[in-house]
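# Quick one, what's the 3D model for this:
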Amino acid sequence: MALDGLGGVGKTQIALQFAYQIQETSLECSVFWVQASDATTFNNSYLEIAQKLGILGVEDDKADMKQLVLTALEGLPNPWLLVVDNADDYEVLSKADERITSRALIEYLPNRGNGAVLFTTRENKAATTFAEVNVIRVKKMTRVESIKLLKKSVHVQKHSLLDDETSTTELLDLLFDLPLAIKQGTAYINKNSTPISKYLSLYKGSEDETIEVLSKDCGDRGRYRSQQNPVAKTWLISFEQILRQDPLAAEYLSLMGIITRENIPISLLPPGESLLKQEDAIGTLTAYSFVTRRITENAFDVHRLVHLATRNWLEKKNELSIWADKALNRMVEIIPAGGHTNREMWMRYLPHGIYLADTIKVAKENEMIVIELLDHIGCCQFSVGQYIEAEKMHQRTMALRVRIIGKDHPEIGRASCRERVWIK
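Residues are numbered from 1 along each chain as shown. Below is the predicted model of the structure:
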């Protein structure tokens with residue numbers, strides 16, 4: 001069986017609760033825990049199991065310690081549960097470290113005996129590989145569950161900080177009822193005695209302020225001390241993992257971080273080398289729960305906090321301006337200069353083009369491309385009868401053109417006819 005879902009959605013906590021319930025209802029059942037975020041943590045977990053089971057010979061350098069553990073698990077007379085937590089990167093388990101052994105780590109997981117294996121992973125592709133059809137997608141909590149978690153996590157003596165129900169509801173909306181974000185927020189509230197309305201203002205500030213809040217580690221005893229606990233850092237790890245596993249998926253995520261996060265048509269994304277690779281890339285982002293498909297509209301939505309974290313990731317890599325330029329060129333390519341051809345499709349591109357034009361920071365050599373994008377948007381708005389919006393867009397286009405090349409430049413005379421009309 002496998003639990004999969006967005007980082008911070010509560011997979012490990014569910015597995016923990018399940019393990020405790022198993023032990024409460026079946027005293028003879030043993031529970032073994034393997035941290036599988038990398039080969040080192042996997043090996044250390046198996047060594048701990050070997051020591052708990054009292055397996056002889058595991059300290060021998062020539063012994064295959066993991067094989068000894070596998071044999072012991074499959075031979076246990078009493079029932080057992082093996083939890084393989086954070087199996088996020090399938091390559092960690094599927095590829096052998098030739099320096100140590102020719103066998104992949106997954107070959108050391110039991111598939112017979114009197115027990116069961118439960119995986120937790122952020123990636124649906126890994127989940128289906130591990131557990132085939134026995135996969136449970138962990139979705140966000142209901143609002144009732146979120147409020148319950150919030151109240152349970154705030155210190156009793158500070159419950160009065162939750163009296164503002166309007167602010168509490170608004171905060172949970174912004175956090176998308178994500179358990180890790182709620183736990184992170186309550187840790188901050190407990191530490192600083194901050195009212196919900198004050199903490200809410202931190203999330204409603206600038207992007208930098210929001211990322212700072214998401215990146216702050218206030219401690220959570222329910223998570224590994226060796227791991228990055230804050231929401232933003234949790235997802236940064238996944239971003240880097242996607243970059244290694246599926247570069248095209250990383251490109252799509254980077255582009256989505258630059259444009260508006262809602263209703264992104266598949267056709268807006270640059271085509272891959274093949275339709276199969278493009279579909280695989282989209283599948284990767286869906287598997288990590290970073291995007292949600294709109295089935296009937298052939299489009300995606302990006303989680304608000306993922307959208308912010310993606311921009312932060314690009315900024316940390318000094319690639320924000322690079323992807324801004326790529327997005328700009330893509331928008332000029334797909335948004336026409338008005339007309340009626342493919343109107344239904346390009347109208348869906350306009351919000352992304354407008355958002356990009358309003359937020360983009362480009363190099364000076366690309367400013368004329370911004371002008372071209374603004375002109376195209378204005379022409380499209382004019383074509384659909386949005387005359388006031390078109391007028392504003394063309395006035396903006398002409399003002400930018402004059403600022404860049406001067407009002408007496410010959411190019412001004414060759415500017416879009418609609419620009420000249422509006423500017424008069």
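# Break down the stretch 151-300 of the chain into its helices, ranges please.
Per DSSP state H, counting those that start in this stretch, the stretch 151-300 of the chain carries helices over the ranges 165-174, 179-192, 196-203, 207-215, 231-245, 247-258, 275-287.
# Please name whichever of those helices is nearest to residue 107.
helix 231-245 (20.7 Å; Cβ to Cβ). For glycine as for every other residue, the C-beta is placed from the backbone atoms N, C-alpha and C.
# For residue 147, list the residues it contacts.
By Cβ atoms under 8 Å, 6 or more residues apart in numbering, residue 147 lies in contact with 168, 172.
# Residue 68 now?
50, 55, 57, 58.
# From those residues, list the buried ones, please.
50, 55, 58 (16 or more other Cβ atoms under 10 Å).
# Adding secondary structure and pLDDT, write those out as TSV.
As requested, those are exported to TSV (DSSP: H, G, I helix; E, B strand; the rest coil; pLDDT from 0 to 100):
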residue	secondary structure	pLDDT
50	helix	93
55	coil	90
58	coil	76
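# which stretch in the helices of the stretch 151-300 of the chain is the model least sure about?
For these, mean pLDDT drops lowest on helix 207-215, to a mean of 63.
# if we can go back for a sec, any chance of TSV for the helices of the stretch 151-300 of the chain, columns mean neighbour count and distance to residue 42?
Putting the helices of the stretch 151-300 of the chain into TSV (neighbours: other Cβ atoms under 10 Å; distance: least, Cβ to Cβ, whole Å) gives the following:
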stretch	mean neighbour count	distance to residue 42
helix 165-174	16	36
helix 179-192	21	23
helix 196-203	18	36
helix 207-215	17	28
helix 231-245	20	16
helix 247-258	22	25
helix 275-287	17	21
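# Go through the ones you listed and name the closest to residue 86.
helix 231-245 (10.0 Å).
# Would you map the strands across the stretch 251-400 of the chain?
Secondary structure of the stretch 251-400 of the chain (DSSP state E, counting those that start in this stretch): strands located at 264-265, 291-294, 299-302.
# Between these, which one is closest to residue 393.
Here strand 264-265 is closest among the strands of the stretch 251-400 of the chain (Cβ to Cβ), at 21.2 Å.
# got the contact list for that closest one?
Looking at what lies outside strand 264-265 - Cβ under 8 Å, 6+ apart - the contacts are 256, 291, 297, 298, 299, 300, 301, 302, 345, 348, 349, 352.
# In this protein, where is pLDDT below threshold?
97-101, 156-159, 161, 203-234, 362-364, 405-424 (pLDDT under 70).
# quick one on the thing from earlier: tabulate the contacts of strand 264-265 (a markdown table), appending distance to residue 138.
Formatted as a markdown table, these follow (distance: Cβ to Cβ, whole Å):
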| residue | distance to residue 138 |
| --- | --- |
| 256 | 23 |
| 291 | 17 |
| 297 | 25 |
| 298 | 26 |
| 299 | 24 |
| 300 | 20 |
| 301 | 18 |
| 302 | 19 |
| 345 | 35 |
| 348 | 31 |
| 349 | 33 |
| 352 | 30 |
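# and of the residues you listed, the nearest to residue 34?
residue 291 (29.5 Å).
# Can you get me a residue count around that closest one?
Other residues within reach of residue 291, judged by other Cβ atoms under 10 Å, total 24.
# likewise residue 361?
With other Cβ under 10 Å as criterion, residue 361 counts 8.
# Pull out the buried members of the contacts of strand 264-265.
256, 291, 299, 300, 301, 302, 348, 349, 352.
# Pick out the most distant pair among these.
For the buried ones among the contacts of strand 264-265, the farthest-apart pair by Cβ to Cβ is 291 and 349; their separation is 17.4 Å.
# which of the contacts of strand 264-265 lies closest to residue 125?
residue 291 (14.1 Å).
# thinking that closest one is in contact with residue 301, fair?
Yes: the pair residue 291 / residue 301 is scored as a contact, 6.8 Å apart, by Cβ atoms under 8 Å.
# Need the residues that contact stretch 52-64.
Outside stretch 52-64, the residues within contact range by Cβ under 8 Å, 6+ apart are 32, 47, 50, 51, 65, 68, 69, 72, 101.
# Save those as JSON lines, and put in distance to residue 114 and secondary structure too.
Below are the contacts of stretch 52-64 laid out as JSON lines (distance: Cβ to Cβ, whole Å; DSSP: H, G, I helix; E, B strand; the rest coil):
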{"residue": "32", "distance to residue 114": "13", "secondary structure": "strand"}
{"residue": "47", "distance to residue 114": "23", "secondary structure": "helix"}
{"residue": "50", "distance to residue 114": "19", "secondary structure": "helix"}
{"residue": "51", "distance to residue 114": "21", "secondary structure": "helix"}
{"residue": "65", "distance to residue 114": "22", "secondary structure": "helix"}
{"residue": "68", "distance to residue 114": "18", "secondary structure": "helix"}
{"residue": "69", "distance to residue 114": "16", "secondary structure": "helix"}
{"residue": "72", "distance to residue 114": "12", "secondary structure": "helix"}
{"residue": "101", "distance to residue 114": "26", "secondary structure": "coil"}
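# Quick one: buried ones out of these?
In those, burial by neighbour count holds for 32, 47, 50, 65, 68, 69, 72, counting by 16+ other Cβ under 10 Å.
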